[in-house]
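Engineer: Structure, please.
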Amino acid sequence: MDVCSRLGHLLVNTIHQSSPLQLSNKLSFHMALFTPSLHMAAPPTSPLPISSILSPTSSSSSPPHPSLLLHHSMLKRLTHRFLSSNPTKLLSSPRKPHPLPHSFISHRPFFASKVLAMADQHTSNPTSHKHTNRLAAEHSPYLLQHAHNPVDWYPWGEEAFAEARKRDVPIFLSIGYSTCHWCHVMEVESFEDEGIAKLLNEWFVSIKVDREERPDVDKVYMTYVQALYGGGGWPLTAFLSPDLKPLMGGTYFPPEDKYGRLGFKTILGKVKEAWETKRDALVKSEAFAIEQLSEALSTSASSKKLSDGVPKNALRLCAEQLSQSYDSKFGGFGSAPKFPRPVEIQLMLYYSKKLEETGSPANADEVVRQVLFTLQCMARGGIHDHVGGGFHRYSVDECWHVPHFEKMLYDQGQLVNVYLDAFSITKDVFYASIARDVLDYLRRDMIGPEGEIYSAEDADSAESEGATRKKEGAFYVWSSKEVEDIIGEDATLFKNHYYIKPSGNCDLSRMSDPHNEFKGKNVLIERKSESEASKFSMAVEKYLDILGRSRQKLFEIRCSRPRPHLDDKVIVAWNGLAISAFARASKILKNEPKEIKFNFPVVGCDPREYIEVAEKAASFIRRHLYNEHSHRLQRSFRNGPSKAPGFLDDYAFLISGLLDLYEFGGQTSWLVWAIELQEMQDEIFLDKEGGGYFNTPGDDPNVLLRVKEDHDGAEPSGNSVSVINLVRLASLLSGNKSEHYRQEAEHVLAVFEKRLKDMAMAVPLMCCASDMLTAPSRKQVVLVGQRSDEFETMLAAAHVSYDTNKTVIHIDPTNSEEMQFWEDKNSNIALMAKSHFAADKVVALVCQNFTCSPPVAEAGSLQALLSQKSVHPA
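Structural biologist: Modelled structure (predicted):
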């Protein structure tokens, strides 16, 4: 039996005998076994696990989890049916000499030495460039970074497709984003190389795509790469036929053959040869792949109902699985590299509340303990920017120390919310301070002139002005001498607290700095607590004040360093996450103790300022990215709206943010807009027959797949967020509309019932959403009165306790527009407002199970009412 046949039989047997996680690992192993020259390996000196060595990609996706696998049934059908119908075709086609990305671990090894200069920035004088291509006319920062490559790049669009058809050549598709480390590396190594550019220009039509601007395009080809090859990440590299069907794909390729793997130049030649000599086989296999992917991803439900017991069991199963992966030494769920996956924290806190309500306080306390320790370790670790605030993308080691230094808006928004939840539960100002730290970083560095919130900051920057090379983390790391010179007499205390050493401090794990790239450099990590004050014979308050003043000194010097690239693109979905964080903080933080003292980089503003930030961001989106006539969103903005339409995440995340903006004190107009957007989301994305929401509008014939996403990863899935939105809207409205929203939410969940049963850890937020839907009765807090300081105090009291199954409604009976809205949408609320209005006070009612409490007019009374523990049957 030849190698191809042996591999075909081996893959079929492997698929039949393996679990989803085993399947990914076995396929990786067997493909590596039979194609030893095709590895995407890191240099052989790397001590990293084989999975990461095989896929050195820069990614914003989550850490390795069973949840990262595509549905088992999809992969099984795709591989088994293709191999059984023609077991040698896949391997005899020119796909064979392609360096496969074997791992589903979408992270890159930490080789700072490979960080070369990025492309010339788009702010440079265009007359100084030797080359200028079509990307110079685009708005995306990522596309503009490539505008002066010698590669004749096209943006995604009909001009490029027509050119490929006219020349009858394949398309080379490269997908990434502006703060992607390995995207920069591949640009410098390959796309700025005149020789490689010549091959691309002669043999292909080359297209660049910003995955943040066009997640629909990215999803198609990333799904293909993951399904066939078992791994993915960015930069995503794919070769397409002129009709856009994928021929083969991968991630990062080095320019030359080395370390037993083929280089990018060789790959280009192999693809050209295959296109010219084996086109029929390629076309047949591509058609099969798209057909199978489309079939597998067109999930639908045979019933519009969720089976009894599924929500409760899914919630418990997800929490148990996460607890089993809990790192009791360093916090977090899972091993290195460690990603701050906020949806996991949300699930655990939600589950702890359920345990408490069902009479299991000891178990609830243990779950909360795991969460709080994780949040503490993250905040004290190097993944947290102690000098400037905010969190980096992930930690390469198990102790949250050395990060991948990129900062993403979607992380900041979600992390603020989980730290706010921790503060609500514990009343410990540590968590409030971290929430403020992140919000103040966003206010200072990430907000535009009209209130829009930018997307990301890069990991790489020059070590000094005028340097031609950029290095990861250069902006953030310090030598011991720098710290001494800048801080002066307090340097000893500061160095002791943050584990700063002359030799550098990236030595806490073998994974922190395996190649000594940070030798002599220090990433700040708190390894001491405020109890160290006694060793320096001073009060704790003075100790903390010295740390704050020292951080400010470092910050001022850091501001003179070359900054990392700022991606000033405004993405609707990510702004929605940030709007939620700012709005919630405006009331939750009003419950901080009055004597609290803040230290740099926390500003310590009045929490009411945070809701103003949320309102400005929402207003920007409404002005610039929302069509008042069609009621549709655009995806993003930079020097004008992007060409891409709004996708499911944009609608769902923005609706969620607007609901928070209303519930935490914003005008009723935000709630009106949220309802309008929900109507449009249903019209564009809802599968009215099969249930669930598609990710894309479906009106672009050039996007080959329409997916219903369920995975809650670095960002929650649009379907999970949508179910929660529907539950919240059903609680706000009444009558047929309320019931319609509940039915719609259950139909969505029914589509993903198998996922909830079999792979709950893949969908933690959906587990919470399913339980919210099936909760016996959602609590409603109704505030009646005019806006005033007293109103603000009562609203803060309404939000003082952690309770995700609570809706807060506020109504001013003197406002005719508000009264008309509630008359139309929920006449019960309007009636309550009329019955309980008093001109000189704000009253609150707490309603549940069709019964309302007597009205209360003091914040303390409302807090007491809400803190009453209700125990439900287990």
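
Engineer: CA only for contacts and neighbour counts going forward, please
Structural biologist: Noted.

Engineer: Let me know whether my guess that Gly249 is in a strand holds.
Structural biologist: Yes. Judged by DSSP: H, G, I helix; E, B strand; the rest coil, Gly249 forms part of a strand.

Engineer: doesn't Trp234 make contact with it?
Structural biologist: No. Counting by C-alpha atoms under 8 Å, no contact exists between Gly249 and Trp234, whose distance comes to 11.6 Å.

Engineer: Without its sequence neighbours, what residue ends up closest to Asp421?
Structural biologist: Computed as C-alpha to C-alpha, 6 or more residues apart in numbering, the closest residue to Asp421 that is not its neighbour in sequence is Tyr802, at 6.3 Å.

Engineer: neighbours of that neighbour, just the number please.
Structural biologist: Using other C-alpha atoms under 10 Å, Tyr802 has 20 other residues around it.

Engineer: what's the distance between the residue lying closest to Lys528 once chain neighbours are set aside and Ser395?
Structural biologist: Take Lys528 and drop its neighbours on the chain: the residue closest to it by C-alpha to C-alpha, 6+ apart is His497, 5.0 Å away. For His497, the distance to Ser395 equals 20 Å [C-alpha to C-alpha, to the nearest Å].

Engineer: the more surrounded of the two?
Structural biologist: It is Ser395, of His497 and Ser395, that has more neighbours when counted by other C-alpha under 10 Å, with 25 against 18.

Engineer: check contacts around the more buried one.
Structural biologist: Applying C-alpha atoms under 8 Å, 6 or more residues apart in numbering, we find Ser395 in contact with 336-339, 382-383, 401-404.

Engineer: Backbone dihedrals for it, please?
Structural biologist: Main-chain torsions, Ser395, degrees, to the nearest 10: phi -100, psi 130.

Engineer: CA atoms only for the host helix or strand of Cys377 - export them in PDB, please.
Structural biologist: If you go by DSSP states H and E, Cys377 is part of helix 361-380. These are the backbone C-alpha positions of helix 361-380, laid out as PDB (Å, rounded to 0.1, in the frame of the first residue of the first chain):
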ATOM      1  CA  PRO A 361     -23.200  28.100  50.000                       C
ATOM      2  CA  ALA A 362     -20.000  26.200  50.600                       C
ATOM      3  CA  ASN A 363     -19.800  25.100  47.000                       C
ATOM      4  CA  ALA A 364     -20.700  28.600  45.900                       C
ATOM      5  CA  ASP A 365     -17.900  30.100  48.100                       C
ATOM      6  CA  GLU A 366     -15.300  27.700  46.500                       C
ATOM      7  CA  VAL A 367     -16.300  28.700  43.000                       C
ATOM      8  CA  VAL A 368     -16.000  32.400  43.900                       C
ATOM      9  CA  ARG A 369     -12.700  31.800  45.500                       C
ATOM     10  CA  GLN A 370     -11.300  30.300  42.300                       C
ATOM     11  CA  VAL A 371     -12.500  33.300  40.300                       C
ATOM     12  CA  LEU A 372     -11.200  35.900  42.800                       C
ATOM     13  CA  PHE A 373      -7.800  34.300  43.000                       C
ATOM     14  CA  THR A 374      -7.600  34.300  39.200                       C
ATOM     15  CA  LEU A 375      -8.600  38.000  39.000                       C
ATOM     16  CA  GLN A 376      -6.000  38.800  41.600                       C
ATOM     17  CA  CYS A 377      -3.200  36.900  39.800                       C
ATOM     18  CA  MET A 378      -4.100  38.600  36.500                       C
ATOM     19  CA  ALA A 379      -4.100  42.000  38.100                       C
ATOM     20  CA  ARG A 380      -0.700  41.500  39.800                       C
END
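
Engineer: related to what we said a few turns ago, with neighbour numbers in mind, choose between Gly249 and Trp234.
Structural biologist: A direct count of neighbours by other C-alpha under 10 Å for Gly249 and Trp234 places Trp234 higher, at 29 against 26.

Engineer: Which residues does that one form beta bridges with?
Structural biologist: Each beta-bridge partner of Trp234 is listed here: Ser58, as defined by DSSP bridges.

Engineer: can I assume it is in contact with Thr251?
Structural biologist: Yes. Using C-alpha under 8 Å, Trp234 is in contact with Thr251, at 5.9 Å.

Engineer: Now do the nearest residue to His392 once chain neighbours are set aside against Met772, distance only.
Structural biologist: Once flanking residues are discounted, His392 sits nearest to Lys407: 4.7 Å by C-alpha to C-alpha, 6+ apart. According to C-alpha to C-alpha, Lys407 stands 32 Å off from Met772.

Engineer: ok, now Lys265?
Structural biologist: Here Lys265 is placed at a distance of 53 Å from Met772 (C-alpha to C-alpha).

Engineer: Contacts only, for the residue nearest to His392.
Structural biologist: In this structure, Lys407 makes contact with 390-393, 456-459, judged by C-alpha under 8 Å, 6+ apart.

Engineer: Please list the members of those that lie in strands.
Structural biologist: When the contacts of Lys407 are checked against strands using DSSP state E, the ones located there are 456-457.

Engineer: Pretty sure Asp437 sits against Val602.
Structural biologist: Yes. The pair Asp437 and Val602 qualifies as a contact (C-alpha under 8 Å) at a distance of 4.9 Å.

Engineer: Can you check which residues contact both of the two?
Structural biologist: By the contact definition C-alpha under 8 Å, 6+ apart, Asp437 and Val602 are jointly contacted by Gly389.

Engineer: Compare the two and say which one has the larger neighbour count.
Structural biologist: The residue with more neighbours, out of Asp437 and Val602, is Asp437; 27 against 21, by other C-alpha under 10 Å.

Engineer: Could you measure from the residue lying closest to Val371 once chain neighbours are set aside over to Asn516?
Structural biologist: In this structure, Val371 finds its nearest non-sequential neighbour in Ile345, 6.3 Å apart by C-alpha to C-alpha, 6+ apart. Using C-alpha to C-alpha, Ile345 is found at 33 Å from Asn516.

Engineer: Ok, Ser140 next?
Structural biologist: Counting by C-alpha to C-alpha, the gap from Ser140 to Asn516 is 35 Å.

Engineer: Give me the more crowded residue out of those two.
Structural biologist: Between Ser140 and Asn516, counted using other C-alpha under 10 Å, Ser140 has the larger neighbour count: 24 against 15.

Engineer: The more buried one reaches Glu213, doesn't it?
Structural biologist: Yes. Proximity of Ser140 to Glu213 meets the contact threshold set by C-alpha under 8 Å, at 7.5 Å.

Engineer: Quick one: classify the spatially closest residue to Glu663 that is not a sequence neighbour as helix, strand or coil.
Structural biologist: Nearest-residue entry for Glu663: Val808, 5.4 Å, with adjacent residues in sequence omitted and distances by C-alpha to C-alpha, 6+ apart. At Val808 the chain is in strand, as set by three-state DSSP.
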